[in-house]
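Novice: predicted model, plus sequence, below.
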Amino acid sequence: MFGHCAVSGGRKQDVDDLYSAKGQERRTGRMIDLLVAGGGYVGLSLAVAVKTAAPRLQVTLIDGAPDGAWRGDERASAIAAAASSMLDVMGVWQTIAPEAEPIRRMVITDSKTSDPVRPVFLTFEGNGDAERPFAHMVPNVALVGALRDTAASLGIEIRPSTTASGFTADDHAVRLKLADGGEIEARLLVACDGVRSKLRDAAGIKTVNFDYGQSGIVTTVEHERSHEGTAEEHFLPAGPFATLPLKGNRSSLVWTERTDDANRLIESDDLVFEAELERRFGYKLGALKVVGGRRAFPLGLTIAREFVANRFALAGDSAHGIHPISGQGLNLGFKDVAALAETIVDADRLGLDIGSLAVLERYQTWRRFDTVRMGVTTDVLNRLFSNDIPPVRLLRDVGLGLVDRLTPLKSFFIRQAGAAAGSDPKLLSGKPI
């Protein structure tokens, strides 16, 4: 819809003049261009992507958490190849890379917890690129820290401990009301404030919701033997048990259980927790030791019915929350970032109003179908694999075996795991906006 354009010095001035009186307010500091609400990886990467491609835009990010709270996040995330390419273009990946562990092999098994043998039904050996495997495991602290450092170097203002209470929008600006009584005026507000987004509610945007009655237990373990870059997803009746490789002889766990059982495990003593963990993890990597805190997160499906409104857009978990069975939640957020950043930058280069609904509709069209498709896919996979009905188990195991033997189909799933598609935004193809 919006292409790139080259402008001469005179034409550049003409484009600047299209900004109106409110644009003059922006240049004198009374109104900013882009206001991002949320200090996680989505909010930070959007701010960095836009500022990198359009340095003249004024970008501010507010974060409800206290300054430095992000350093306490012990979790790790799987970053697909396309997302790491995007971070590379943004100048962030070089900082993250030393902490990233490549996932070179993915093994899928299906059995009961008590089964003495766990047959392997499907194995992915990566994408054949030694420099860019289909995914990396990255500690959240390393990811967010690198993004914050880059944001600071670009002159992006970050306001910690700043909570929004609502906003109003008109033809000229959006005005974000702060809990302390203050107000910030911008041309565009993007909510990256999580699956329970208060700003989404303030915008009157409804969601489709479903509670799975499951929780995901997240922790880190240390083991005697090397994982050799292998991730494993073991399907159990209560839900998937995923082990994901980290630097050294460590793995990150995403352990799905029914919510009552998950809460019981979180509250149990270390001996009980580690015994239950060993029953699921097995002894293939030797003795285990829990080396991180353990937390449980409720799992459900949440998809916003609209991704945009006048001078307002949703990105990341504010727009969608899906089951972690495919490991694509974070990468959906990065796809939002790449599409929204390209939409904003292209519009700005054409002298269009970046907050207008006509401009933002491009982003919504770009992202909504892919998001709904991924939400439906993870929902079906969770229902298919989180049960112990014999005919269903037989059907899914036969299906996994067929995928393992059909090379073209297997290659398709590897590309999906790398989050690459022909219609992806430029950043996800490793190209600058």
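Specialist: Perfect, thanks for sending it.
Novice: residue 146 reaches residue 97, doesn't it?
Specialist: No - using Cβ atoms under 8 Å, residue 146 is not in contact with residue 97, being 9.5 Å away. For glycine as for every other residue, the C-beta is placed from the backbone atoms N, C-alpha and C.
Novice: distance of residue 228 relative to residue 101?
Specialist: Using Cβ to Cβ, to the nearest Å, one obtains 11 Å as the distance from residue 228 to residue 101.
Novice: ok, back up a step: what sits in contact with each of residue 146 and residue 97?
Specialist: With contacts taken as Cβ atoms under 8 Å, 6 or more residues apart in numbering, not a single residue reaches both residue 146 and residue 97.
Novice: higher neighbour count, those two?
Specialist: In this view residue 146 and residue 97 are compared by other Cβ atoms under 10 Å, and residue 146 has more residues nearby, 24 against 16.
Novice: list the contacts for that one?
Specialist: Counting by Cβ under 8 Å, 6+ apart, residue 146 makes contact with 92, 95-96.
Novice: next: residue 195.
Specialist: For residue 195, the residues meeting the contact criterion (Cβ under 8 Å, 6+ apart) are 302, 317-318, 321.
Novice: same thing with residue 433?
Specialist: Under the criterion of Cβ under 8 Å, 6+ apart, the contact partners of residue 433 comprise 49, 53, 341-342, 345-346, 425-427.
Novice: also residue 293?
Specialist: The contact partners of residue 293, taken as Cβ under 8 Å, 6+ apart, are 74, 219.
Novice: any idea which element it lies in?
Specialist: When elements are assigned from DSSP states H and E, residue 293 belongs to no helix and no strand.
Novice: look at it and report its pLDDT.
Specialist: You'll see residue 293 listed with a pLDDT of 91.
Novice: could you do residue 63 as well?
Specialist: 96.
Novice: isn't it right up against residue 158?
Specialist: Yes - between residue 63 and residue 158 there is a contact at 6.4 Å, judged by Cβ under 8 Å.
Novice: which one of those two has more residues nearby?
Specialist: For residue 63 versus residue 158, the count of surrounding residues by other Cβ under 10 Å is larger for residue 63: 24 against 19.
Novice: how many other residues sit next to the nearest residue to that one once chain neighbours are set aside?
Specialist: In this structure, residue 63 finds its nearest non-sequential neighbour in residue 39, 2.9 Å apart by Cβ to Cβ, 6 or more residues apart in numbering. Residue neighbour count, defined by other Cβ under 10 Å, stands at 27 for residue 39.
Novice: distance check, residue 39 against residue 68.
Specialist: In this structure, residue 39 and residue 68 are 11 Å apart, going by Cβ to Cβ.
Novice: check residue 61 too.
Specialist: Using Cβ to Cβ, one obtains 15 Å as the distance from residue 61 to residue 68.
Novice: with neighbour numbers in mind, choose between the two.
Specialist: Taking other Cβ under 10 Å, residue 61 and residue 68 do not tie; residue 61 has more neighbours (25 against 8).
Novice: the closest residue to that one other than its chain neighbours: which element?
Specialist: Leaving out its chain neighbours, the residue that sits closest to residue 61 by Cβ to Cβ, 6+ apart is residue 36, at 4.4 Å. Remark: residue 36 resides in strand 32-37, with elements defined by DSSP H and E.
Novice: for residue 85, which non-adjacent residue is spatially closest?
Specialist: residue 430 (3.8 Å).
Novice: that neighbour reaches residue 84, doesn't it?
Specialist: No - with contact taken as Cβ under 8 Å, residue 430 and residue 84 are classed as non-touching, separated by 9.2 Å.
Novice: compare neighbour counts for those two and give me the winner.
Specialist: Here residue 430 and residue 84 are set side by side on neighbour count (other Cβ under 10 Å), and the busier one is residue 84, at 27 against 15.
Novice: put the alpha carbons of stretch 357-367 into PDB.
Specialist: Once non-C-alpha atoms are left out, stretch 357-367 reads as follows in PDB (Å, rounded to 0.1, in the frame of the first residue of the first chain):
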ATOM      1  CA  LEU A 357      -7.100   4.900  11.000                       C
ATOM      2  CA  ALA A 358      -6.600   4.700   7.200                       C
ATOM      3  CA  VAL A 359      -2.800   4.200   7.800                       C
ATOM      4  CA  LEU A 360      -3.300   1.800  10.700                       C
ATOM      5  CA  GLU A 361      -5.700  -0.400   8.700                       C
ATOM      6  CA  ARG A 362      -2.700  -1.600   6.700                       C
ATOM      7  CA  TYR A 363      -1.200  -3.100   9.800                       C
ATOM      8  CA  GLN A 364      -4.500  -4.700  10.900                       C
ATOM      9  CA  THR A 365      -5.000  -6.300   7.500                       C
ATOM     10  CA  TRP A 366      -1.400  -7.500   7.500                       C
ATOM     11  CA  ARG A 367      -1.500  -9.200  10.900                       C
END
